[in-house]
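Colleague: sharing a model prediction with you, sequence too.
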Amino acid sequence: MAQIRVLSPVGVVKAQTVAVPSLPQSWNGRTVGFLDNTKSNFDRLVGDLGALLRERYGVAAVVHRKKANASTPASPELIDELAKACDVVFAGSAD
């Protein structure tokens with residue numbers, strides 16, 4: 001008699017706790033980064049948000065970087081670059 005091998009589609013969940021720092025009390029003089037997932041219109045959104053942050057809140061610089069594509073994670077080098085250059089980084093998506 002043949003045997004049937006049954007596989008479970010349930011994966012193993014690995015939980016990791018990460019401490020998330022508070023947002024700054026003041027944005028004045030800060031560098032804000034945006035991690036773009038390459039979906040349509042995010043570049044336009046970043047341009048408008050960056051201008052607003054500089055005009056209203058005194059942000060000194062805005063850094064805009066793109067991932068290779070929407071379905072893959074950002075490279076460790078890209079994350080490292082944003083971590084070194086920015087005080088706060090927002091990851092975003094748009095359509």
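Modeller: Looks like it arrived, so ask away.

Colleague: would you map the helices across the chain?
Modeller: 42-57, 76-85 (DSSP state H).

Colleague: closest one to residue 67 among those?
Modeller: helix 76-85 (7.0 Å; Cβ to Cβ). C-beta coordinates here come from the backbone N, C-alpha and C atoms, glycine included.

Colleague: ok, residue 24 - contacts?
Modeller: Listed by Cβ atoms under 8 Å, 6 or more residues apart in numbering, the contact partners of residue 24 are 30, 87-88.

Colleague: likewise residue 38?
Modeller: 66-70.

Colleague: any idea what residue 34 is bridged to?
Modeller: Following DSSP bridges, residue 34 is listed with bridge partners residue 64, residue 90.

Colleague: go ahead and confirm it touches residue 61.
Modeller: No: counting by Cβ atoms under 8 Å, residue 61 is not a contact partner of residue 34; they are 11.6 Å apart.

Colleague: how close does the nearest residue to residue 35 once chain neighbours are set aside sit to residue 27?
Modeller: In this structure, residue 35 finds its nearest non-sequential neighbour in residue 91, 4.4 Å apart by Cβ to Cβ, 6 or more residues apart in numbering. According to Cβ to Cβ, to the nearest Å, residue 91 stands 18 Å off from residue 27.

Colleague: in terms of pLDDT, where does residue 17 sit?
Modeller: We have a pLDDT of 87 for residue 17.

Colleague: around it, count how many other residues there are.
Modeller: When neighbours are defined as other Cβ atoms under 10 Å, residue 17 has 4 of them.

Colleague: residues near the closest residue to residue 70 other than its chain neighbours, how many?
Modeller: Among residues not flanking residue 70 along the chain, residue 37 sits closest, at 4.6 Å (Cβ to Cβ, 6+ apart). Look at residue 37: counted by other Cβ under 10 Å, it has 18 neighbours.

Colleague: tell me who's in contact with residue 37.
Modeller: Neighbours of residue 37 in contact, by Cβ under 8 Å, 6+ apart: 66-67, 69-70, 91-93.

Colleague: now residue 1
Modeller: So residue 1 contacts nothing (Cβ under 8 Å, 6+ apart).
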